[in-house]
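Peer 1: how would this look folded up:
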Amino acid sequence: MKKIWVIACKELKTYFVLPSAYIICIVFILFSGIFFYNHLSIFFLSKLQPLLWAEVEAQKDLTHMIVQPYLHSLSILYLLIPVITMRLFAEEKRLKTEELLYSSPISSLQIVLGKYLAAVILFAILLCFTVQHMLFLLAYGNPDTGPIITGYIGLFLVGLAYLSIGLLCSSLTDNQIIAAILTFGVICFFWMIGLFKYVIPNPTIVNFMEFFSLEEHFHTFTKGIIDLKDVVYVLSFTFMGIFITYNIVEYHRWQ
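Peer 2: Sure thing, here's the model as predicted:
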């Protein structure tokens with residue numbers, strides 16, 4: 001565990017020595033603030049315009065109009081994952097330092113987990129920047145804490161899955177841009193595959209696509225529900241990304 005932590009600290013130091021981490025943080029804080037302000041404004045405007053339908057009026061509360069839409073808006077964080085992960089292995093290959101890393105008394109699994117841990121920590125830091133918005137709602141309103149807690153758990157778990165894909169894509173190339181594009185493409189595919197249910201009439205195919213869509217699994221978390229099948233799927237997705245990356249690193253190490 002100590003070796004994993006050493007590699008993670010080295011990667012984190014690299015993140016914050018370069019301007020990339022600061023740019024990522026600034027961009028995400030800016031957009032998350034804009035999203036929160038917009039949802040808050042819509043909520044207050046809706047309160048000034050009462051509706052005739054009791055069912056719709058009953059849902060005009062903080063949870064349905066701010067918490068759940070805001071958590072979905074935070075999905076923009078996933079679009080920053082390619083920038084977080086693109087350099088993890090690609091930069092080592094470009095600088096020809098991977099041979100030095102592979103010849104060190106550190107196992108391939110420790111290398112993979114150390115780099116992955118660094119990306120997870122940076123991702124968690126970004127999530128922490130948004131907690132202040134939920135604290136604001138709790139201080140001046142009375143939202144349901146269930147969807148807040150489970151929503152953040154869902155955001156983090158799905159983030160783990162996408163980070164593992166970013167790690168995998170970075171291990172496939174020595175070009176950071178290519179690694180970022182590959183990661184972005186995979187994220188978009190697994191995030192948007194559930195949207196095909198609106199254009200495909202076949203229920204069997206729709207159910208199949210919804211099962212593989214990470215957006216559909218995340219949506220359950222925002223309702224205040226932690227379903228075991230959602231947790232198992234996301235963690236399995238994460239494990240496969242790390243496992244394949246480990247095998248690629250192991251192959252290059254003994255090639």
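
Peer 1: quick check: the residue nearest to Arg253 when sequence neighbours are not counted vs Phe89, distance?
Peer 2: In space, and not counting its chain neighbours, Arg253 is closest to Tyr102: 4.4 Å by C-beta to C-beta, 6 or more residues apart in numbering. (C-beta placed from N, C-alpha, C; glycine too.) Per C-beta to C-beta, to the nearest Å, Tyr102 is found 11 Å from Phe89.

Peer 1: what do you get for Leu45?
Peer 2: Leu45 is 48 Å from Phe89, by C-beta to C-beta.

Peer 1: now swap in Thr97 and tell me
Peer 2: 11 Å.

Peer 1: in terms of neighbours, single out the busier of these two.
Peer 2: Using other C-beta atoms under 10 Å as the criterion, Thr97 and Phe89 rank with Phe89 on top: 28 against 11.

Peer 1: wait, the more buried one sits on Ser170?
Peer 2: Yes: at 4.3 Å, Phe89 and Ser170 qualify as touching, with contact defined as C-beta atoms under 8 Å.

Peer 1: what sits in contact with each of these two?
Peer 2: Residues touching both Phe89 and Ser170 (C-beta atoms under 8 Å, 6 or more residues apart in numbering): Ala179.

Peer 1: give me phi/psi at Phe129?
Peer 2: Dihedral angles of Phe129 (phi, psi; degrees, to the nearest 10) stand at phi -60, psi -20.

Peer 1: ok, Met134 - contacts?
Peer 2: Residues in contact with Met134 (C-beta under 8 Å, 6+ apart) are Val67, Pro143, Ile148.

Peer 1: how about 7 Å then?
Peer 2: Neighbouring residues of Met134 by C-beta atoms under 7 Å, 6 or more residues apart in numbering: Ile148.

Peer 1: where's it relative to Leu74, distance?
Peer 2: 11 Å.

Peer 1: you'd agree Val112 is up against Ile244?
Peer 2: No: under the criterion of C-beta atoms under 7 Å, Val112 is not in contact with Ile244, lying 10.0 Å apart.

Peer 1: following element in sequence after the helix or strand bottoming out on mean pLDDT in the chain, please.
Peer 2: The weakest-scoring helix or strand in the chain, judged by mean pLDDT, DSSP states H and E, is helix 54-58 (a mean of 47). Scanning forward in sequence from helix 54-58 by DSSP states H and E, the next helix or strand is helix 62.

Peer 1: what about Leu228, how many residues nearby?
Peer 2: Neighbour tally, Leu228, other C-beta under 10 Å: 7.

Peer 1: same question for the one 5 residues further on.
Peer 2: The local packing of Tyr233 (other C-beta under 10 Å) involves 18 other residues.

Peer 1: repeat for the one 10 residues further on
Peer 2: Using other C-beta under 10 Å, the number of residues around Phe243 comes to 14.

Peer 1: residue contacts, the nearest residue to Leu214 once chain neighbours are set aside?
Peer 2: Excluding the flanking residues, the one nearest Leu214 by C-beta to C-beta, 6+ apart is Phe190, at 4.8 Å. Residues in contact with Phe190, defined by C-beta under 7 Å, 6+ apart, are Phe212, Ser213, Leu214.

Peer 1: restricted to helices, list those residues.
Peer 2: Phe212, Leu214 (DSSP state H).

Peer 1: of the contacts of Phe190, closest to Ser107?
Peer 2: Closest approach to Ser107 among the contacts of Phe190 (C-beta to C-beta): Leu214, at 29.7 Å.

Peer 1: so how far is Leu235 from that closest one?
Peer 2: Where Leu235 is concerned, Leu214 sits at a distance of 12 Å (C-beta to C-beta).
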